[in-house]
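> Fold the following, please.
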Amino acid sequence: MNTLIRLEVTRTLRNKKFMFFSIIYPSVLYVLISSTQNTTDKVPTDLTLQSFFMVSMASFGALTAVLMGNSERIAKEREKGWVRQLRLTALPSRGYVLAKIASAAMVTLPCIVVVFLVAASAKHVRFDLWQWLALTGLIWAGSLVFAALGVAIGYLASGDAVRPITMIIYFVLSILGGLWMPSSTFPQWIQNISEWLPTHAYAALGQSVEMGGAPHAKDIVILCVYFLLFAGGAAWLYRKDTLNA
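Residues are numbered from 1 along each chain as shown. Modelled structure (predicted):
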């Protein structure tokens, strides 16, 4: 499994186009969105809009990297026969899924760091050192949930259908989860849905640290449950695809 992880990471790093958009895209969005906001305005959580959007765009960038990259890559690998070759090895389904999740998560780290650097240098966002470290670790760890979702979608959809399906899920989770705007601005019935989405819990991890506290247990539990569902579904779909091959 370690060999497969190294191979996957190497392949991803060689894809310069994917790396460029995964790392630069969220930083550009952060600058564009935060530039339209007053630096003294605050969201209901008592965070400044600059700080709120920093965590939102770092989370959004990590989501982009692991969800979009994983699903399309796996669907194409299935069409080209690469996955069929892996089935001839002793690699178990859980090993394949974990390797895909781990390799995808490696891409999120530079994306998160670049957003933070832009926020600190261009927008003068300031936090204590422990907060910067905690934010980086939590957003990186939380991205594993969406990496698992990307693997599941890659096995659920065909090569032609995977992109539109992924895009729909991607934008629904991003918007309703409150990554583009505070969920407190939504109608109450949408807020009730939003608080149970993985993206809402994901962003809430960083927002709790920004306010000087620890992540809420509810958000951690929600993300853990979604991770188990997505990873378990991905492993089941991998085995099902093997049996149907």
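> Show me the strands in the chain, by range?
For the chain, applying DSSP state E gives no strands.
> mind listing the helices for this protein?
Taking DSSP state H, the helices of the chain run over residues 2-14, 16-35, 49-63, 69-80, 82-87, 93-122, 129-156, 162-176, 188-194, 198-210, 217-244.
> Relative to residue 55, how far out is residue 179?
9 Å (Cβ to Cβ, to the nearest Å). No exception for glycine: its C-beta is placed from N, CA and C like everyone else's.
> Counting neighbours, go ahead and name the busier of the two.
Taking other Cβ atoms under 10 Å, residue 179 and residue 55 do not tie; residue 55 has more neighbours (29 against 24).
> Give me the pLDDT value at that one.
What the model reports for residue 55 is a pLDDT of 89.
> Count the residues that sit near the nearest residue to it once chain neighbours are set aside.
In space, and not counting its chain neighbours, residue 55 is closest to residue 206: 3.6 Å by Cβ to Cβ, 6 or more residues apart in numbering. By the measure other Cβ under 10 Å, the count of residues near residue 206 is 26.
> ok, now residue 216?
14.
> mind listing what the closest residue to it other than its chain neighbours touches?
Distances taken as Cβ to Cβ, 6+ apart put residue 208 closest to residue 216, at 6.2 Å, once the chain neighbours are dropped. Contact analysis of residue 208 by Cβ atoms under 8 Å, 6 or more residues apart in numbering lists 214-216, 219.
> tell me the pLDDT at the nearest residue to residue 237 once chain neighbours are set aside?
Among residues not flanking residue 237 along the chain, residue 155 sits closest, at 3.7 Å (Cβ to Cβ, 6+ apart). Predicted confidence (pLDDT) for residue 155: 82.
> do residue 215 as well
Reading off the model, residue 215 has pLDDT 90.
> returning to what we had before: rank the helices of the chain by pLDDT, which is bottom?
helix 82-87 (a mean of 62).
> ok, the residue positioned nearest the centre of the chain - contacts?
With distances taken as Cα atoms, centre = their mean, residue 63 lies nearest the centre of the chain, 2.3 Å away. By Cβ under 8 Å, 6+ apart, the contact list for residue 63 reads 143, 146, 170, 173-174, 179, 199, 202.
> make it 7 Å
If you count contacts by Cβ atoms under 7 Å, 6 or more residues apart in numbering, residue 63 has them with 143, 146, 174, 199.
> I'd like those residues as CSV, with neighbour count appended.
Listed next are the contacts of residue 63 as CSV, based on neighbours: other Cβ atoms under 10 Å:
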residue, neighbour count
143, 28
146, 32
174, 20
199, 27
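> can you tell me which two in those residues are farthest apart?
Using Cβ to Cβ, the contacts of residue 63 span at most 13.4 Å, a distance reached by 143 and 174.
> re earlier: between residue 179 and residue 55, what contacts are shared?
residue 203.
> Give me the distance between the closest residue to residue 58 other than its chain neighbours and residue 174.
In space, and not counting its chain neighbours, residue 58 is closest to residue 115: 4.2 Å by Cβ to Cβ, 6+ apart. From residue 115 over to residue 174 the distance is 15 Å, taken as Cβ to Cβ.
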